[in-house]
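*Asks:* Generate a structure from the sequence data that follows.
(2 chains)
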Amino acid sequence: MSESRARLPGERVFALALVGLSAFLLWQAWSIAGFTSITSAGAYPMVAAAVMLVCALSVVRSTWDSAAQPAQSNESHWGHFLRSILPGVLVQFVVAIALYMGLMERAGFIVSSYLFLVASMAILGSRRWVLNLWVSALSLALVYAVFQTVFSVVLPTGTWWQGVLK
Amino acid sequence: MSEALSYFFMSWVDLKLLGLIAGGTFCGIYIGAIPGLSVTMAVSILISFTFKWDMNAALAVISGIFLGGVYGGSRSSILLNIPGAPSAIATGLDGYPLAKRGEAGAAIGLTTVMSVFGGFIGIGALALAAPAVSELALKFAPRDYLMLAIWGILLVGSLAGGSLAKGIFAGALGVIIGSVGLDPMTAEPRFTFGSLQLTAGISYVAAMIGFFGVAEVLVQLHELHLKAVKQNVSRIVPPWALVRRYLPLATRTSAIGTVVGALPGAGGDIAALMAYDHAKRSVKEPSAPFGQGAYEGLVAPESANNAAVGGAYIPMLTLGIPGDAVTAVIIGAMYIHGLKPGPMLMIETPHLFWFQVGALVLANCFLLVFGLTGIRIFAKIVETPKPILLPLILLLSAVGAYAINNNPVDVYWMLGFGVAGYFLKMYGYPVGPVILGMILGPLMDKSYRQAMISVEGNVGAFVGEFFTSPLSAIILAALAFTVFSQTPIYKRWRERKA
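*Replies:* Model prediction:
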């Protein structure tokens, strides 16, 4: 029941983390109704969590046995992990998304989305600034028009501007 | 009969529905063709916007996107050697060598015609088989539904991920996420951690957008600088002699596609690979060696993956069991609109079934029109650089998640599931079963408890019924075979046999 691919950096830790998650969920499922009845509210989640735990342990075993993906010469394990799994561009992009979401309610959909589009295009390596600004503006205008009118989605206007726009 | 026909043609005579199907098919082709955009992603995002639409309009646009998207993946496979969708992986094996030989136009033209041909075979099978399957499904007991749901998750997990343990883990994780909230029978809180917000459960649309949209965008960041090789496109409409020559092969592979698509859990990607394998085995004198630009290598996967669309609707509409990840998402859409896919759907709302069949036929006709035109604009769009494309997808995902309840919390859920999905994908866990588990989880929970209550909690009687009922025994055998086929014993035996 195993797959034949090289083990990626961090894969063992991830597999162990999933064992921990499964055990935690099994305990949580048990605490719903214990073993009071075979049809209790917790019985079915307990089965699902137990299945998760068994599979996670099986994955840990197969992951431990598999050969590691070779790192580049003079590359540390941490460096290999950062390059293969968590490159800087990905971290920056996720941070940009999180900031965008935090800003959306406050600054409103249009302002936050425009800032997000321009910033993330730059993060992802698009250096044609004028094009980035235009594409962001045009696509945002299109998205806003389509979703407000066709799909009737009420997009956030922003708490910061409420006093200003009144 | 006349009633069925009137429902069938409903979308053909209503200008709004006609436009939605045309628009859906057109967008589907481009969504499917752009590497990084998947049909599942598009349908997941779209569902959140169609809450306020009537069901027919939502189904019409989804049908177009589904059919168009499965086909669209072939274009970037042929022109850029990057499959736009998993179902187009086999297409690139011979499509790209053909393009390099300067025959991209003929390859796209033949692909279009054969995709449409396969699509009609699949839809025909849907129209003929679904009523019969639906009648059979009325005989299903709760335990049969329980096993069918488990089988579906197992198939998606084992076929898509490579590791059965990872597939089952993902499915069980989905089941747990789906059970967050109040128990529907006893109203006891499950996995709510004292949070009032969690008692309402987790929106599976936010999870879908996270797992299929955000996670895919994050994975695509590893291929930011992949350069596409541009091809010149010649005449696109294929000569009739070429089409006629490959019709017998297309008929066989369409049949394969329909059957594979109808299996719970097996979608267009598996159908295409099986059809390609069939062509390699059965065609003795291909137009060129397979892998070096054989037209047979295009015809087989393309007719099969579009035939699988019709096939995938069969278990979805008759049993409420998704054929693949896209149909899992479509089932989610149907639930949102107050419908319950399953055997009663055909009895209570037969108009919906015939409307769906009519919409698919129409979408398939539009596929022929759009597939044979607009190739120059197409080439420009699919070459959009990823640094520009990916933020736009993220923007649409965020709007989609927000639109579910006009609640920013759903957007945070989307991001959380996106990041989790990214790590799962990177370490080889399929995310399709997570969504399947979320959607099928409540059905499994209900079926399990109904089956157990029907035998008054007697575990022996519960287990015994799996063997004494012929229908249950057949499904159990299929389920057991799925697990057994992933064991080293079976794999070694297959290798020895080959």
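
*Asks:* any idea how far stretch A:121-131 is from the chain center?
*Replies:* Chain-centre distance of stretch A:121-131: 23 Å, with C-alpha atoms, centre = their mean, to the nearest Å.

*Asks:* Please work out which residues outside that stretch touch it.
*Replies:* With C-beta atoms under 8 Å, 6 or more residues apart in numbering or on different chains as the test, stretch A:121-131 has contacts from A:89, A:92-93, A:96, A:132, A:135-136, B:221, B:224-225, B:385-388, B:390-391. In short, each C-beta sits where N, CA and C put it, glycine included.

*Asks:* do the same with stretch B:405-425
*Replies:* A:14, A:85, A:90, A:94, A:97-98, A:101, A:104-105, A:153-154, A:156, B:170, B:197, B:202-203, B:205-207, B:209-219, B:397-398, B:401-402, B:404, B:430-431, B:434.

*Asks:* From the contacts of stretch A:121-131, keep the buried residues only.
*Replies:* Among these, those classed as buried by 16 or more other C-beta atoms under 10 Å in any protein chain shown are A:92-93, A:96, A:132, A:135-136, B:221, B:224, B:385-388, B:390-391.

*Asks:* that older thread, identify those among the contacts of stretch B:405-425 that sit within helices.
*Replies:* When DSSP state H defines the helices, the subset of these inside them is A:14, A:90, A:94, A:97-98, A:101, A:104-105, B:170, B:205-207, B:215-219, B:397-398, B:401-402, B:404, B:434.

*Asks:* Okay, buried residues for stretch B:310-318 please.
*Replies:* Going by 16+ other C-beta under 10 Å, stretch B:310-318 has these buried residues: B:310-318.

*Asks:* Give me the contacts around that stretch.
*Replies:* Stretch B:310-318 is contacted from outside by B:119, B:121-126, B:129-130, B:133-134, B:137, B:152, B:257-264, B:267-268, B:271, B:321-324, B:326-327, B:330-331, B:341-343, B:345-346, B:353, B:356, B:360, using C-beta under 8 Å, 6+ apart.

*Asks:* From the contacts of stretch B:405-425, list the buried ones, please.
*Replies:* A:14, A:85, A:90, A:94, A:97, A:101, A:104-105, A:153, A:156, B:170, B:202-203, B:205-207, B:209-218, B:397-398, B:401-402, B:404, B:430-431, B:434.

*Asks:* Would you enumerate the residues in contact with the residue nearest in space to the middle of chain A?
*Replies:* Here the mean C-alpha position of chain A is nearest to the C-alpha of residue A:94 (C-alpha atoms, centre = their mean), at a distance of 7.8 Å. Contacts for residue A:94 were tallied using C-beta under 8 Å, 6+ apart; they are B:218, B:415, B:419.

*Asks:* Quick check: buried residues in the helix or strand that residue B:3 is a member of?
*Replies:* Residue B:3 is part of helix B:2-8, with elements assigned from DSSP states H and E. Neighbour-count burial for helix B:2-8, counted by 16+ other C-beta under 10 Å, picks out B:4, B:7-8.

*Asks:* again, but for stretch B:485-498
*Replies:* So, applying 16+ other C-beta under 10 Å, buried residues of stretch B:485-498: residue B:486.

*Asks:* Could you confirm whether it reaches chain A?
*Replies:* Yes: under the criterion of C-beta under 8 Å from any C-beta of the partner chain, chain A is reached by stretch B:485-498 at B:486-488.

*Asks:* What about the residues you listed, which are in helices?
*Replies:* Those of the residues of stretch B:485-498 next to chain A lying in helices (DSSP H): residue B:488.

*Asks:* Give me the local confidence score for residue 165.
*Replies:* Looking at chain A here, since you left the chain open. The per-residue pLDDT reported for residue A:165 equals 58.

*Asks:* right idea, wrong chain: chain B
*Replies:* 88.

*Asks:* And residue B:453, by the same measure?
*Replies:* Looking at residue B:453, its pLDDT reads 87.

*Asks:* tell me the SS of it?
*Replies:* At residue B:453 the chain is in helix, as set by DSSP: H, G, I helix; E, B strand; the rest coil.

*Asks:* pLDDT at residue 104, what is it?
*Replies:* As the question left the chain open, I've gone with chain A. 89.

*Asks:* think we crossed wires, I meant chain B
*Replies:* For residue B:104, the pLDDT comes out at 81.

*Asks:* what do you get for residue A:93?
*Replies:* On the pLDDT scale, residue A:93 gets 95.

*Asks:* where in the chain is pLDDT low?
*Replies:* No chain was given, so I picked chain A. For chain A, applying pLDDT under 70 flags the ranges A:1-4, A:150-151, A:163-166.

*Asks:* Chain B, not that one
*Replies:* Using pLDDT under 70, the flagged stretches of chain B are B:1, B:35-37, B:80-86, B:155-162, B:226-235, B:264-266, B:323, B:376, B:378-382, B:498.

*Asks:* just to revisit the earlier point, which members of the buried ones among the contacts of stretch A:121-131 are positioned in strands?
*Replies:* Using DSSP state E, no member of these sits in strands.

*Asks:* Tell me the secondary structure at the most centrally placed residue in chain B.
*Replies:* Among the residues of chain B, the one closest to the centroid is residue B:326, at 3.2 Å (C-alpha atoms, centre = their mean). Secondary structure state of residue B:326, per three-state DSSP, is helix.

*Asks:* show me the contacts for it.
*Replies:* B:39-40, B:43, B:66, B:267, B:312.

*Asks:* Enumerate the residues of the stretch 351-498 of chain B near chain A.
*Replies:* Within the stretch 351-498 of chain B, the residues that sit near chain A (C-beta under 8 Å from any C-beta) are B:385-388, B:390-392, B:394-396, B:398-399, B:402-403, B:406, B:408, B:411-412, B:415, B:419, B:422-423, B:426-428, B:441, B:444-445, B:448-449, B:452-453, B:457, B:459, B:486-488.

*Asks:* quick one, longest helix in chain B?
*Replies:* Max-length helix for chain B by DSSP H is helix B:104-137.

*Asks:* Mind giving me the packing neighbours of it?
*Replies:* Applying 3 or more C-beta pairs under 8 Å, 6 or more residues apart in numbering or on different chains; DSSP states H and E, we find helix B:104-137 packed against helix B:55-80, helix B:89-100, helix B:240-262, helix B:296-319, helix B:343-348, helix B:350-371.

*Asks:* Of these, flag the one that's most buried.
*Replies:* With neighbours defined as mean count of other C-beta atoms under 10 Å in any protein chain shown, the helices and strands packed on helix B:104-137 peak in mean count at helix B:296-319, which reaches a mean of 32.

*Asks:* Quick one: work out the angle between it and helix B:55-80.
*Replies:* Angle between the axes of helix B:296-319 and helix B:55-80 is 160 degrees (criterion: axes from the mean of the first three to the mean of the last three C-alpha atoms, to 10 degrees).

*Asks:* Just give the nearest non-adjacent residue to residue 16, would you?
*Replies:* As the question left the chain open, I've gone with chain A. Of all residues not flanking residue A:16 in the chain, residue A:60 sits nearest, at 6.2 Å (C-beta to C-beta, 6 or more residues apart in numbering or on different chains).

*Asks:* To clarify, I was referring to chain B.
*Replies:* Nearest to residue B:16 is residue B:57, by C-beta to C-beta, 6+ apart, at 7.1 Å.
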